[in-house]
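Chemist: sequence isn't available, so here's the structure alone:
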């Protein structure tokens, strides 16, 4: 694989272009690493008096509890000093979808959805955590899943 870097002071933002003979799993993985990257919009988490730069791909969900915002990563809850609506804006266009007033779910970490009746959806994460989708946000889920 050849890598080429060009510096162009006329550019408004950094742009990565990949030229490939064919689409392979390695290429897809490479592109996915950079597709949602925005260095100015890192999610910072706090746990045990330490500060962590959280990888968006590792975050299972972002949720509000007791008037504080948390990011759940590997069954640990990191305190985040941003509002849910700000995080929703930062994560727009990615695998994160608002599922209630109190939670944003990473659908790459969702194992299944259990639709109970016509207006209740139980969401189960791969970690085993369970939460519920607010009726108000069902249309967002359906739009994201294209159903």
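Modeler: All right, it came through fine. What you see is a predicted model, and the numbers here were worked out from it, not measured in a lab.
Chemist: list the buried residues in the helix or strand hosting residue 142.
Modeler: Per DSSP states H and E, residue 142 falls inside helix 138-145. Using 16 or more other Cβ atoms under 10 Å as the test for burial, helix 138-145 gives 138, 141. Quick note: C-beta positions are derived from backbone N, CA and C, even for glycine.
Chemist: stretch 90-105 too?
Modeler: Buried-residue list, stretch 90-105, by 16+ other Cβ under 10 Å: 90, 91, 95, 96, 97, 98, 99, 100, 103, 104, 105.
Chemist: among those residues, which pair sits farthest apart?
Modeler: Farthest-apart pair in the buried residues of stretch 90-105 is 90 and 100; separation 18.1 Å (Cβ to Cβ).
Chemist: related to what we said a few turns ago, would you reformat the buried residues of stretch 90-105 as CSV and include pLDDT?
Modeler: Formatted as CSV, these follow (pLDDT from 0 to 100):
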residue, pLDDT
90, 85
91, 90
95, 92
96, 94
97, 94
98, 94
99, 94
100, 94
103, 96
104, 97
105, 96
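Chemist: all helices of this protein, in order?
Modeler: 25-35, 84-90, 138-145 (DSSP state H).
Chemist: if I look at residue 69, how far off is residue 45?
Modeler: 10 Å (Cβ to Cβ, to the nearest Å).
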